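S.K.: please work out how this folds:
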Amino acid sequence: MKKILISAYALFLLFFSFFSYLFIDRNLSYLSRFYTGFATNNREITAVIYINFVVVLFAFYFVFLKMYLKNKLNRKDIVWIIILSCLTLMFFYPAMLSFDIFNYVLTAKVAFFYHENPYIIMPIQFLGDPLLAFTHAANKIALYGPFWIGITGLPYILGFGNFLITIFNFKLLATLFYLATSWMIYKISKDFLSVTIFSLNPLVIIETLVSGHNDIVMIFFVLCGVFFLSRNKMFPSFLFLLLSILIKYSTLLLLPVFLYVSFLQRNKKNVNWDKIYSLCAILMMIAFLLSPLREEIY
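M.R.: Modelled structure (predicted):
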């Protein structure tokens, strides 16, 4: 039963990956041979299919959790499921739901190919660049922190000017940070159930392994900060928090929590970590609720 379920999950992810290529932009010349126009011309049908994919993905998620809680799946099984998810979704078309990964690439190109400041120069100013044909929000300066720009230099440079390799590198970057974040959750919680709840969550999988969003990088560094904070190591704790803030600024909301815990530890007072973690979760939820206030012009 266990092997059949995991095999069915892998097959499902494979079909989900094939489905994603129905969303290829007609202006994406690098994958033009795979363009069908199906998603654009059949929006209602495509939406229904996608919703069913998500429902099935959540069904697998709850079944895996239930089986783990009943000891029908062990840690090795969960790790294998996580690896399967990474390997299969690595080749998922990343712009099915969001074009952000194209913006990551183009912003990196401004910095590391054109050698211009992406906080001053907009990508759209490089008229004739082939990436402009399918990149959204090219009329904006860099939206994320300087540490993120620095990180993107590695996948961009290792793309050697090939767009498909570069996109694969950015997907790989998100995948590696997804795995690192799962590991950090275990380091903090010492509870593999927490890892399972996070790593197999469809929302995490879609946003990270599918779309390749940089939120996972931000979260990894702030979790590193929390890890060192829990061990009363102030310098690495605040350093990792700073690095997280310099990726996406929303984790700045956690600074008061770090300062409060630091104050308690310096004064030899007990820290209620359950309350601290809950407070961090609330503050991050506030950041999420405030996100629509950002100015986004496409």
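
S.K.: my read is that Val63 contacts Leu5, right?
M.R.: Yes. Judged on C-beta atoms under 8 Å, Val63 makes contact with Leu5 at a distance of 7.0 Å. The way it works is simple: take the backbone N, C-alpha and C, and place the C-beta from them, glycine included.

S.K.: higher neighbour count, the two?
M.R.: Taking other C-beta atoms under 10 Å, Val63 and Leu5 do not tie; Leu5 has more neighbours (17 against 14).

S.K.: low-confidence bits of this structure, can you list those?
M.R.: Residues of the chain that meet the criterion pLDDT under 70 lie in 294-298.

S.K.: now with 50?
M.R.: The chain contains residues with pLDDT under 50 at 296-298.

S.K.: tell me the secondary structure for Ala142?
M.R.: Following DSSP: H, G, I helix; E, B strand; the rest coil, we place Ala142 in the coil state.

S.K.: may I have the phi/psi pair for the closest residue to it other than its chain neighbours?
M.R.: Spatial nearest neighbour of Ala142, excluding adjacent residues (C-beta to C-beta, 6 or more residues apart in numbering): Pro118 at 3.9 Å. Backbone geometry at Pro118, expressed as degrees, to the nearest 10, gives phi -70, psi -10.

S.K.: number of residues surrounding Pro118?
M.R.: Counted with other C-beta under 10 Å, Pro118 comes out at 23.

S.K.: same check on Tyr249?
M.R.: Applying other C-beta under 10 Å, we find 14 residues neighbouring Tyr249.

S.K.: which ones are touching Leu84?
M.R.: For Leu84, the contacting residues are 6, 9-10, 13, by C-beta atoms under 8 Å, 6 or more residues apart in numbering.

S.K.: wait, Ser32
M.R.: Ser32 makes contact with 24, 26, according to C-beta under 8 Å, 6+ apart.

S.K.: so it: helix, strand or coil?
M.R.: Per three-state DSSP, Ser32 ends up helix.

S.K.: what does the one 4 residues further on give?
M.R.: Secondary structure for Thr36, judged by three-state DSSP, is coil.

S.K.: please report the distance of it from Leu223.
M.R.: According to C-beta to C-beta, to the nearest Å, Thr36 stands 40 Å off from Leu223.

S.K.: quick revisit: buried ones among the contacts of Leu84?
M.R.: When these are checked for burial by 16 or more other C-beta atoms under 10 Å, the buried set is 6, 9, 13.

S.K.: quick one: the last one and Thr88 touch, right?
M.R.: This means Leu13. Yes. At 4.1 Å, Leu13 counts as touching Thr88 under the criterion of C-beta under 8 Å.

S.K.: endpoints of stretch 149-167, how far apart?
M.R.: Stretch 149-167 stretches 15 Å from its first residue to its last (C-alpha to C-alpha, to the nearest Å).

S.K.: and if you look at stretch 116-125?
M.R.: End to end - C-alpha to C-alpha - stretch 116-125 spans 11 Å.

S.K.: same thing with stretch 17-31?
M.R.: Stretch 17-31: ends 15 Å apart by C-alpha to C-alpha.

S.K.: list the contacts of that stretch.
M.R.: Contacts of stretch 17-31 (C-beta under 8 Å, 6+ apart): 32, 34-40, 46, 49-50, 53, 88-89, 91-93, 95-96, 130, 133-134, 163-164, 210.

S.K.: one more: stretch 191-202?
M.R.: 54, 57-58, 60-61, 64-65, 68-69, 75, 78, 81-82, 85, 178, 181-182, 185-186, 189, 204.

S.K.: go on, stretch 116-135?
M.R.: By C-beta under 8 Å, 6+ apart, stretch 116-135 touches 25, 27-29, 99, 102-103, 105-107, 109-111, 114, 138-142, 146, 149, 163.

S.K.: again with stretch 240-247
M.R.: By C-beta under 8 Å, 6+ apart, the residues outside stretch 240-247 that reach it are 144-148, 151, 214, 217-222, 224-225, 228, 251-252, 254-255, 258.

S.K.: rewinding a little: I'd like the buried ones among the contacts of Leu84 laid out as JSON lines, including distance to Val271 and secondary structure.
M.R.: Shown next, in JSON lines, are the buried ones among the contacts of Leu84 (distance: C-beta to C-beta, whole Å; DSSP: H, G, I helix; E, B strand; the rest coil):
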{"residue": "Ile6", "distance to Val271": "40", "secondary structure": "helix"}
{"residue": "Tyr9", "distance to Val271": "39", "secondary structure": "helix"}
{"residue": "Leu13", "distance to Val271": "40", "secondary structure": "helix"}
